[in-house]
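Novice: this is a predicted model, with the sequence first.
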Amino acid sequence: MIIDRYLSNIEKSFNQNNIQLAFQQIYELKKKYPQSKRVENLFKKNKLKYIKKMRVSSTEIQNLYFNTNQHDFKIKLDQFLTIEPNNAYLHSCLGNFHGKKGQLKLAKTYHEKSILLNPYEKAFYINLAETYKFLNALDLSSKIYEFSLLLDETDEIALSSHADICFMSNKFKKSFESYEKLIFLENQHKGTKYKKRYCYKLITSKNFEKAKEILNKLNEEKDKIDVFYYNALIKIEEKHFKEALEFIDECFKINENFIGGFIALAIILERQGKFEEAVNSLKKVINLEKNNVIGLRNLGAIYSHIGNLDKAIIYLEKAIKISPYDHETKFILGQIQLYQKNFVDGWNNYESRWLCKNFSGKKFLSSNKILTNLKNINRVLVWSEQGVGDQIMYGSIFNEFAKICNKLIIRIDKRLIRLFKNKNPDIVFIGEKDIVNEKDFDNHLSAVDLGKFLRTNLNQFENTKFPYIEIDEKLSNKVRDDYHYPKKKIVGISWTSQNEDMGKDKSVSLEELIPILKLENLTFLDLEYKNSKTNKLKICEMLNIEMHKIDNINYFNDIFSVASIIQACDVVVTCSNLNAHIAGALGKRTFLLSSLGRGRLLNWSSENKHSIWYPSVKIFQQKNVGDWKFPINEIKKELKKFNEND
């Protein structure tokens, strides 16, 4: 009786075109009665009932679909539609026809209509899910696949597609659950295809222990090349390059033209700074398989690292042409485009960051809608997604954005609130870990996306009014009084970045800064966040100089005081780190040591060698990756000139 009631409600929901409610009812029935096949029988019965009523037969539609050329297909399809305009299968054919032509919105419309006309055909859901995927509506795609899997949880096509789509949208738990089901099915006929795919996904998402577990199961395979390749990838991520190379050698013993081996080798060479050798390895990949997206993407990334941005763009755009939904490639391209001041394309491609496995930013989760345009803005929450330096940089837009909102709440690192609060009395600032009531805002967006709306051309950067952060005037004046000597400039200096991914690439050693430290008539203030006393003492004794530090300040937690110390300086010399952003936000004259390669960021896009975000910051970039001699010597000249012109 209970099952009958469920089935009756399911049919009723379908008849009312409430597809979501129908599948919610199917889910509840399946959960309560997992052994029952009544739902499947309901679908078979109603599907056959629909087919029998059709005026255009299923045989005629199959012949049309499989035995007609593209030109005649549309003509015959239109003829059938005049006979039966509400035939679900004809609408499905139309959806497939437009999908193949790349007319995805039309395809979506026809596939949705086919389901409304006959919700009992499982193939319609798979067609719609695929279309949503190509429209980049990944959440909808995975949801429709889940509908399909409620009808047949052993459908390998649906399971495989669901696993891949969930992985693309970073829903790893759901993705891996589908892979586990696929492996269970695969074990029944001793296959390995899904184990290999699952293993690669695990490595990509840095789930190495589980990947090793799968590799142990694959070790029994006669064809070991993929096993060696996956082991190499794990060793690379663990920074065990010597062991990774041994696995790559095993791959080449089996197949001297193994593409995966050349890709893995290039990764190692790139991380060792051997860019030319890495490029040569990837060119072998392209020679073997000219449309290899990973090879093209990695080539683009390396050319970007060595400063050949035009060549980088050529390879990245080629990769995207082959695989339009490769978000890793679009993310890299977006960063280069923003660096080159191609803001419209850059912001658009930078949006792909959310679907990249290596992007560390976290989205704010809310049932309220994301702000997608600047029309009729009411109450908005802006949230931070990246590091403190980026939060300061995008903070240059806070005041401007507040003027077009009725209410603006900004969620940032709590250490920054004091910097912004007094300058922006109409904005409500809260800490990024503070809970915010959803009733207090209508829409939300990332602070980064403020740039997408309000920094789309160079002229808009002139809207920033400097300084846009607050300092402690009393502390700043005291520092200046304590360390300002006649005819001696105060130089704030910092040389390391704490960035986990690129800190090493962006940092300079104190020894490399000796040409600057040897300059006369300068008072150096150490702005380093970490304790640099031992290293500093050795250099200072050797050069017979002093480098002062305000000892009673917590440089990590008290950013307000750090900003006040920076304000006391005449000029700041720094690598790309938080101090560079603070100095820029204050409008303080700053000489920035900018790396080439992985450490170069879109933040330091320049116009006439000055940052477009911070015009007071002059950028001195490496000529060669890892070589700081040129920018340091150029800054040395600037400091001498600065001193002489006083």
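Specialist: Perfect, thanks for sending it. Numbers count the residues shown, from 1 in each chain.
Novice: so where do the helices sit in the stretch 101-250 of the chain?
Specialist: 104-117, 122-134, 138-151, 156-168, 172-187, 193-204, 208-218, 225-237, 241-254 (DSSP state H, counting those that start in this stretch).
Novice: what angle do the fourth one and helix 172-187 make?
Specialist: Put plainly, it is helix 156-168. 150 degrees (axes from the mean of the first three to the mean of the last three C-alpha atoms, to 10 degrees).
Novice: helix 156-168 relative to helix 193-204, how many degrees between them?
Specialist: 0 degrees.
Novice: same check on the longest one?
Specialist: Counting by the same axes, to 10 degrees, helix 172-187 lies at 150 degrees to helix 193-204.
Novice: CA atoms of helix 172-187 as CSV?
Specialist: Below are the C-alpha coordinates for helix 172-187, written out as CSV (Å, rounded to 0.1, in the frame of the first residue of the first chain):
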residue,chain,number,x,y,z
PHE,A,172,35.4,15.0,-4.8
LYS,A,173,33.4,12.9,-2.3
LYS,A,174,30.6,12.4,-4.8
SER,A,175,33.0,11.8,-7.7
PHE,A,176,35.0,9.2,-5.7
GLU,A,177,31.8,7.4,-4.6
SER,A,178,30.9,6.9,-8.3
TYR,A,179,34.3,5.7,-9.1
GLU,A,180,34.1,3.1,-6.3
LYS,A,181,30.9,1.9,-7.8
LEU,A,182,32.5,1.7,-11.2
ILE,A,183,35.4,-0.3,-9.8
PHE,A,184,33.0,-2.7,-8.1
LEU,A,185,31.3,-3.3,-11.5
GLU,A,186,34.6,-3.5,-13.3
ASN,A,187,35.9,-6.2,-10.9
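Novice: lowest confidence element among the helices and strands of the chain?
Specialist: helix 503-506 (a mean of 74; mean pLDDT, DSSP states H and E).
Novice: correct me, but residue 270 touches residue 302?
Specialist: Yes. The criterion here is C-beta atoms under 8 Å, and residue 270 meets it with residue 302 at 5.7 Å. To be clear about C-beta, it is placed using only N, CA and C from the backbone, and glycine gets the same treatment.
Novice: related to what we said a few turns ago, so which of the helices of the stretch 101-250 of the chain is nearest residue 450?
Specialist: Nearest of these to residue 450, taken as C-beta to C-beta: helix 138-151 at 24.0 Å.
Novice: need the contact partners of the closest one.
Specialist: Residues outside helix 138-151 that contact it (C-beta atoms under 8 Å, 6 or more residues apart in numbering): 19, 23, 26-27, 30, 39-40, 43, 122, 125-126, 128-130, 132-133, 155, 158-159, 161-162, 165-166, 168-169, 171, 174, 355.
Novice: go again using 7 Å as the cut-off
Specialist: With C-beta atoms under 7 Å, 6 or more residues apart in numbering as the test, helix 138-151 has contacts from 23, 26-27, 30, 40, 43, 122, 125-126, 128-129, 132-133, 155, 158-159, 161-162, 165-166, 168-169, 171.
Novice: let me see the domain layout of the protein.
Specialist: With domains defined by automatic domain parsing, the chain comprises 257-355, 369-463, 473-644.
Novice: got phi/psi on residue 410?
Specialist: Backbone torsions of residue 410, given as degrees, to the nearest 10, read phi -120, psi 130.
Novice: residues touching it, list them.
Specialist: 382, 398, 427, 429.
Novice: ok, and the most crowded of those?
Specialist: Neighbour counts for these, by other C-beta atoms under 10 Å, peak at residue 382, which reaches 28 neighbours.
Novice: pull the CA atoms of stretch 304-316 into PDB?
Specialist: Taking Å, rounded to 0.1, in the frame of the first residue of the first chain, the C-alpha atoms of stretch 304-316 are listed here in PDB:
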ATOM      1  CA  SER A 304      54.700  32.300 -19.300                       C
ATOM      2  CA  HIS A 305      57.300  31.600 -16.600                       C
ATOM      3  CA  ILE A 306      60.200  32.500 -18.800                       C
ATOM      4  CA  GLY A 307      58.500  35.800 -19.900                       C
ATOM      5  CA  ASN A 308      57.500  34.800 -23.500                       C
ATOM      6  CA  LEU A 309      53.900  35.700 -23.000                       C
ATOM      7  CA  ASP A 310      52.900  35.900 -26.600                       C
ATOM      8  CA  LYS A 311      54.100  32.400 -27.200                       C
ATOM      9  CA  ALA A 312      52.400  31.200 -24.000                       C
ATOM     10  CA  ILE A 313      49.100  32.600 -25.300                       C
ATOM     11  CA  ILE A 314      49.500  30.800 -28.600                       C
ATOM     12  CA  TYR A 315      49.800  27.400 -26.900                       C
ATOM     13  CA  LEU A 316      47.100  28.100 -24.400                       C
END
